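> Below: sequence and its predicted model.
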Amino acid sequence: MNVTNCTDPLAEFQYHLFPAVYILALVVGLPGNLAAFFVFTFRITPRTAFSVYISNLALADIGILCTLPFRIHYHLNRNNWIFGNSACLLTGTLYFANIYMSICFMTCICVDRYVATVHPHTYLRLRGPRYSLAVSVVLWSVAGVAILIFILMGPLTIGDESLGQSCFENFARAEWEKRLRLFSILGLVFGSLVPSVIILVCYPLAARRISMIKTQTAQKAVGVIYTILAITLLCFLPNHVVYLLHLLQRLDIIQSCPTRDAIYSARRVTMALVTLNTCLDPVLYYMTTSHFSWEDLKRTWLWGTVSRRRGVYTIT
């Protein structure tokens, strides 16, 4: 219970919304991301910074998708977790950590395209995979350390147990004070706000520069930029804004009960939207290759091989 003595809100629609979105993500996103990870990791030659970031983005999406069966059961069971505290802590941490990793690698792709467009001479020196591999290792290492610290701090304690065994929600105030406040603030700043600002500033600048070049390749590059901007605006930005409001609520800066109820409902919707990113990213993978088709994705998913009729894949 918070200091405003507001009753805990209930959003009945979430028990249908989350399972529907998560099942869609599994059916559409998992095959696409598995195929893209295989192709961009093992078939793209020569390796470039761009292909490294795409591989890692696909890997982060796969990490999100692997936790969804647990979350589908949780919401179908009316937010009552039956798999134990350890499973909740592990799957919940992996789910949110990989969402942040997905955002970070989207940002890396943004910076890579911006440098390639606006500073081409600099990009020629950085185009190889060495620097992108180093960046990827650093990002995964930071995420791994954060996950380890979070898990080693012990099981999460929930608030009102009459609502059922919650998982990664309905936290006790002591739990919020102990670790969630710090992790939430760091995640909001470095995993949400900073990447969003970079994407929303760099990509329009790159698009304006590329749009001056009247070639088919340039126009395709603009299409890639607009695709990432659309994914950011649809999936990530609403989640970031609502999460900021949620944080202000948890800090008791927002105390109005109707406003808190609205934030709770909006948080349900935006958490579902951010998962749809895993469905839209395969569209990005498709657009970034010059000899890549959905038929190749189908072959990769079904048989684990890619047709070699077209030769070596290249990235535009």
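Received it, and whenever you're ready, just let me know what you need. Numbers count the residues shown, from 1 in each chain.

> For I231, which non-adjacent residue is closest in space?
Nearest residue to I231 in three dimensions, chain neighbours excluded: L280, at 5.0 Å (Cβ to Cβ, 6 or more residues apart in numbering). (Glycine included, C-beta is placed from N, CA and C.)

> so which helix or strand takes in that neighbour?
helix 277-287 (DSSP states H and E).

> Name the single longest helix found in the chain.
helix 85-118 (DSSP state H).

> buried stuff in that helix?
Within helix 85-118, the residues that count as buried by 16 or more other Cβ atoms under 10 Å are 88-117.

> That one versus helix 277-287: what angle between them?
With axes from the mean of the first three to the mean of the last three Cα atoms, to 10 degrees defining the directions, helix 85-118 sits at 30 degrees from helix 277-287.

> Packing partners of the helix holding L280?
Applying 3 or more Cβ pairs under 8 Å, 6 or more residues apart in numbering; DSSP states H and E, we find helix 277-287 packed against helix 30-38, helix 49-76, helix 85-118, helix 216-231, helix 294-303.

> Which secondary structure elements does the shortest one sit against?
Contacts defined by 3+ Cβ pairs under 8 Å, 6+ apart place helix 30-38 against helix 49-76, helix 277-287, helix 294-303.

> thinking again about what came up before, just the buried positions in the helix holding L280, please.
277-282, 284-287.

> One more: stretch 132-150?
So stretch 132-150, judged by 16+ other Cβ under 10 Å, has buried residues 132, 135-136, 139-140, 143, 146-147, 150.

> does S132 really touch I54, like I thought?
No - in this structure, S132 is not within contact of I54 by Cβ atoms under 8 Å, at 10.0 Å.

> follow-up on the earlier one: so which of the buried residues of stretch 132-150 comes closest to T45?
Nearest to T45 among the buried residues of stretch 132-150, counting by Cβ to Cβ, is S132 at 15.4 Å.

> Helix or strand: which one has that closest one?
Per DSSP H and E, S132 falls inside helix 129-152.

> and the very next helix or strand once past that helix, what other elements does it pack with?
Heading C-terminal from helix 129-152, the first helix or strand you meet, by DSSP H and E, is helix 173-175. With contacts taken as 3+ Cβ pairs under 8 Å, 6+ apart, helix 173-175 sits against no other helix or strand.

> chain center to helix 173-175: distance?
Taking Cα atoms, centre = their mean, to the nearest Å, one finds helix 173-175 lying 27 Å from the centre of the chain it belongs to.

> Just the buried residues of that helix, please?
The neighbour-count check on helix 173-175 (16+ other Cβ under 10 Å) flags E175 as buried.

> What helices and strands are in contact with the very next helix or strand once past it?
Sequence order places helix 181-188 as the next helix or strand after helix 173-175, per DSSP H and E. For helix 181-188, the packing partners by 3+ Cβ pairs under 8 Å, 6+ apart come out as helix 237-250.

> what about 10 Å?
helix 85-118, helix 129-152, helix 237-250 (3 or more Cβ pairs under 10 Å, 6 or more residues apart in numbering; DSSP states H and E).

> Sketch out the low-pLDDT regions of the stretch 201-316 of the chain for me.
For the stretch 201-316 of the chain, applying pLDDT under 70 flags the ranges 213-221, 288-316.

> That's all I had, so thanks and see you.
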